[in-house]
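Chemist: below are the sequence and a predicted model; questions follow.
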Amino acid sequence: MSKKDLAEYKRKYQTFRHHAWAGLGFLSVTLAIRLIFLESTVILTPVIVILAIYIIIALIFTYRYREGLNASIGTVMGDPSIEFEKEKLKTDIEKEKLKLEKKKAKSEIKKQKKAKK
């Protein structure tokens with residue numbers, strides 16, 4: 001399997017895993033509401049069935065794309081240390097630009113004050 005496929009599988013695995021956990025969260029809240037309000041069981045029963053089917057489908061797809069877990073961090077994101085260094089350099093450059101602009105603004109203010117005197 002190519003690196004691109006592994007990266008795609010990892011992305012899909014993460015997505016379906018997220019949906020499975022979200023479905024379980026919604027299901028637990030729905031079951032808690034059903035236990036608290038006993039008269040709403042007729043309304044909530046179809047919702048519970050739909051959520052259970054949704055969770056099962058998400059778990060099936062999570063199992064299907066589990067090969068994406070074999071993708072290393074470098075395959076999916078690139079080398080993290082290089083990315084970090086690039087971001088650090090960008091922020092340093094931005095800071096230097098801001099300092100230069102601030103110095104220019106101060107010198108302009110001084111020139112204007114001297115011109116008024």
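Modeler: Great, that's in hand. Numbers count the residues shown, from 1 in each chain.
Chemist: which strands and helices sit next to the helix or strand hosting residue 113?
Modeler: Secondary structure from DSSP states H and E places residue 113 in helix 80-116. If you count contacts as 3 or more CB pairs under 8 Å, 6 or more residues apart in numbering; DSSP states H and E, helix 80-116 packs onto helix 73-77. Every C-beta, even on glycine, is put in place using the N, C-alpha and C of the backbone.
Chemist: for the record, mean pLDDT for the helix holding residue 113?
Modeler: Predicted confidence along helix 80-116 averages 88 (mean pLDDT).
Chemist: now swap in stretch 12-26 and tell me
Modeler: For stretch 12-26, mean pLDDT rounds to 93.
Chemist: same check on stretch 58-76?
Modeler: Stretch 58-76 shows a mean pLDDT of 76.
Chemist: any buried residues in stretch 4-16, and which?
Modeler: 6, 7, 8, 9, 10, 13, 16 (16 or more other CB atoms under 10 Å).
Chemist: could those residues go into CSV alongside distance to residue 90?
Modeler: Below are these laid out as CSV (distance: CB to CB, whole Å):
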residue, distance to residue 90
6, 29
7, 24
8, 28
9, 31
10, 26
13, 31
16, 34
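Chemist: any idea how far residue 32 is from residue 43?
Modeler: As defined by CB to CB, to the nearest Å, residue 43 lies at a distance of 15 Å from residue 32.
Chemist: noted, bye for now.
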